[in-house]
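Chemist: Compute the structure for the input listed below.
(chains A and B)
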Amino acid sequence: MKPARSHRIVFRIYLGAFLGLLLAPLAVMAVSAVNLPSYPQAWPIEGLTFAWFEKLPYSHDLMDGLRNSLIIAVLVTLLTVPIGTAGAMVMEQLKARFRPIYYVVVISPMLTPGIITGVATVVFWRGVTRQTGLPLLYNGIFLTVAAQITFISTLCMLIVLARLQRFDRSQEEAALDLGANPLQIFLHITLPFLRPALISSAVLSLLSSVEEFNATTFTILADKTLTTVLAGRIRVGLTPEISALAIAIVTLTLLIAIVYEVSRRRAEAKK
Amino acid sequence: MRSSLALSLCLLLPFLVTAILLAGGLFRRQPNASPGPGFFRRNGPAVSIYLVIAVSAWVFLTIVFPQIAMIDLSFHPNLPPKKIGGPEDVFTLENYRYFVFGPVSSTGSLNTLHLGAYAATITASVAVTALNFILCYPIAFYMAQSALPRALRRLIILLILPYWINEVLRVFAVRLLLSDAGIVNRMLLATGLVGTPVDFIGNNVGLYWGLSYTCILTMVFTLYNALESLDKSQIEAARDLGAPWWHVHMFIVMPYAKPGIASGCALTFMSCVGSIAAPLVLGGPRTLWFTPVIYDRFYQALNWPLGAAYAVILLVSCTVFVLLSLRILGLKLGQIAR
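Modeler: I've put the predicted structure just below:
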């Protein structure tokens, strides 16, 4: 299909403008992180400096936020991958009659704004705390984990489900005929088959948990995470330190994303 | 969730469900009861218990009960902890009345502040959703239908790059670009188009830009996924039969991509309406957005029932929007999000 030449030129210009607008803010942020002035500016460049990066480790609230974010992300991942896997297996095995309602219920967290999930989680667990008198459950980290697994599990379920739908049931039957019990089938056939999907969902869980802001801002209470510290700082004033931190986070995220992408491609190439 | 009996029932329900299902599995031993092996026969006890506990804890403890608790709280008055469950703790529509009419002391007039914030949020979100669809459709169509594999791969990398960056940072980047001393204002001043810096933050341009910017990639990728599987020969056939380009899009491409369009719009609208980072960072002093209003009910005014009611209003609005757009496009819920 070859569209008219004039169409193509107009589209090229449009595509260029689209990408320019998409990437310009990030370019500005990157330059301001290494530019000398103490107000984050990209132009004019007054000198190259890494001072804004060097300040980062000495900021207590940032480091606290980072630590909490990592704790939450690990807990969330440890919970969402098993939950998502179970959710996908149940979806596969459910009778056709119940499948639509189950589907709507487990997909709903993705179609609910994060802040609603956050509100619902704090309200519910505050009620639980008052009834049981267990103040243990009513803290920022627990609540944030509880809120985040709501929708991140859905993400994991969709990834696992996509792979599970290509699973050949005859493998299971062969194992049964050879005398394997269901637990052995699950451990030695189903799980190894799902491995790529499990790794994908673990990586995506980690990243989405660290980046989550909408629900976390409601559930974190007096604690802080990286995103809430960041948002708080931006509200107070713009500094090149925030740009530096942004670049640090972006680099880290991209590194994880690239390593994950490359290893996935390599695994695919092996087959 | 008021009496401790109801509460303990809530917490124990996943285990109860497990026990009931297990009992059912143990007692129903007729092998011909259903076609194929039953759930427990097929999975064995260990895996069955894992599946049931994981799924019911997820569904009940994080999805269903919290939503019920939120809706329940929105119909109760704001009371100190001691009075909860007491005679004053009655079912009331007061919180919803407050949303429309404001405090009792000012009866008659409407609660313009909150109603205004709500209306502004919904209209702006609909506008941003429509704008993003128009902006993304050509890109997605090009990616799915005309781009050569190499160009496509490069383009996807360029698009994914900002997609991996979290919302707060994306909003911050927009703020840097548009602030008084930002690069856009510098350029405008240098060219002499304006005499004083344009207050993009104060006049809400920054907010709309930020909202559109944070959710634009969701739209691109959802549309791309929907258009990717469209058979090129359909478009060629239409062209050969003399259809003008806009006929091709109106009557072939768009009807085919309906589920993708619906889910793209639903996701964009939802993340716009529910966004709290963009209004916090890019909102000017006079900006009214509904999510910070909800946040302030909880942590400034400390009126949780009112906050819960506002959250319910937002949730209902989202659901109505999603169902409405499905109805307009003639789709079922199961067809999107797939």
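
Chemist: gap between B:Ala237 and B:Val248?
Modeler: Distance of B:Ala237 to B:Val248, given as C-beta to C-beta, to the nearest Å: 10 Å. Every residue, glycine included, has its C-beta placed from N, CA and C.

Chemist: So which of these two has more stuff around it?
Modeler: Set side by side, B:Ala237 and B:Val248 show unequal neighbour counts under other C-beta atoms under 10 Å in any protein chain shown, the larger going to B:Val248 at 17 against 13.

Chemist: Please give me every residue in contact with the spatially closest residue to the more buried one that is not a sequence neighbour.
Modeler: With sequence-adjacent residues excluded and distances taken as C-beta to C-beta, 6 or more residues apart in numbering or on different chains, B:Val248 is closest to B:Ala238, at 5.0 Å. The contact partners of B:Ala238, by C-beta atoms under 8 Å, 6 or more residues apart in numbering or on different chains, come to B:247-248, B:251-252.

Chemist: The residue nearest to B:Pro81 when sequence neighbours are not counted is in what secondary structure piece?
Modeler: For B:Pro81, ignoring the flanking residues on the chain, the nearest one in space by C-beta to C-beta, 6+ apart is A:Arg130 at 6.4 Å. Under the criterion of DSSP states H and E, A:Arg130 resides in helix A:114-132.

Chemist: ok now that helix, how far from the chain's centre?
Modeler: The gap between the average C-alpha position of helix A:114-132 and the chain average comes to 22 Å, counting by C-alpha atoms, centre = their mean, to the nearest Å.

Chemist: May I see the buried residues of it?
Modeler: Buried positions in helix A:114-132, judged by neighbour count with 16 or more other C-beta atoms under 10 Å in any protein chain shown: A:114-128, A:130-131.

Chemist: Now stretch B:44-61 - C-alpha only, CSV.
Modeler: Once non-C-alpha atoms are left out, stretch B:44-61 reads as follows in CSV (Å, rounded to 0.1, in the frame of the first residue of the first chain):
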residue,chain,number,x,y,z
GLY,B,44,-5.2,-32.5,44.0
PRO,B,45,-5.6,-31.2,47.6
ALA,B,46,-2.5,-29.1,47.9
VAL,B,47,-2.9,-27.1,44.6
SER,B,48,-6.6,-26.8,45.2
ILE,B,49,-6.1,-25.2,48.6
TYR,B,50,-3.6,-22.8,47.1
LEU,B,51,-5.8,-21.8,44.3
VAL,B,52,-8.9,-21.3,46.4
ILE,B,53,-7.1,-19.4,49.2
ALA,B,54,-5.1,-17.2,46.8
VAL,B,55,-8.1,-16.3,44.6
SER,B,56,-10.6,-15.8,47.4
ALA,B,57,-8.2,-13.7,49.5
TRP,B,58,-7.6,-11.5,46.4
VAL,B,59,-11.2,-11.3,45.4
PHE,B,60,-12.7,-10.8,48.8
LEU,B,61,-10.1,-9.1,50.9
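
Chemist: Show me which positions of that stretch end up buried.
Modeler: Judged by neighbour count using 16+ other C-beta under 10 Å, the buried positions of stretch B:44-61 are B:47-61.

Chemist: Go through those and say which is closest to A:Val28.
Modeler: When the buried residues of stretch B:44-61 are compared for distance to A:Val28, the smallest value, 41.1 Å, is given by B:Trp58; criterion: C-beta to C-beta.

Chemist: I'd say that closest one and A:Ala88 touch.
Modeler: No - because the distance of 11.7 Å does not satisfy C-beta atoms under 8 Å, B:Trp58 is recorded as not touching A:Ala88.

Chemist: Quick check, central residue of the chain?
Modeler: You didn't say which chain, so I picked chain A. The residue at the geometric middle of chain A, judged as the C-alpha nearest the mean C-alpha position with C-alpha atoms, centre = their mean, is A:Ser208 (1.1 Å).

Chemist: not what I meant, chain B
Modeler: For chain B, the residue lying nearest the average C-alpha position, counting by C-alpha atoms, centre = their mean, turns out to be B:Met270 (2.7 Å).

Chemist: can you list the domain ranges for chain B.
Modeler: With automatic domain parsing as the criterion, the domains of chain B are listed as B:4-106, B:112-335.
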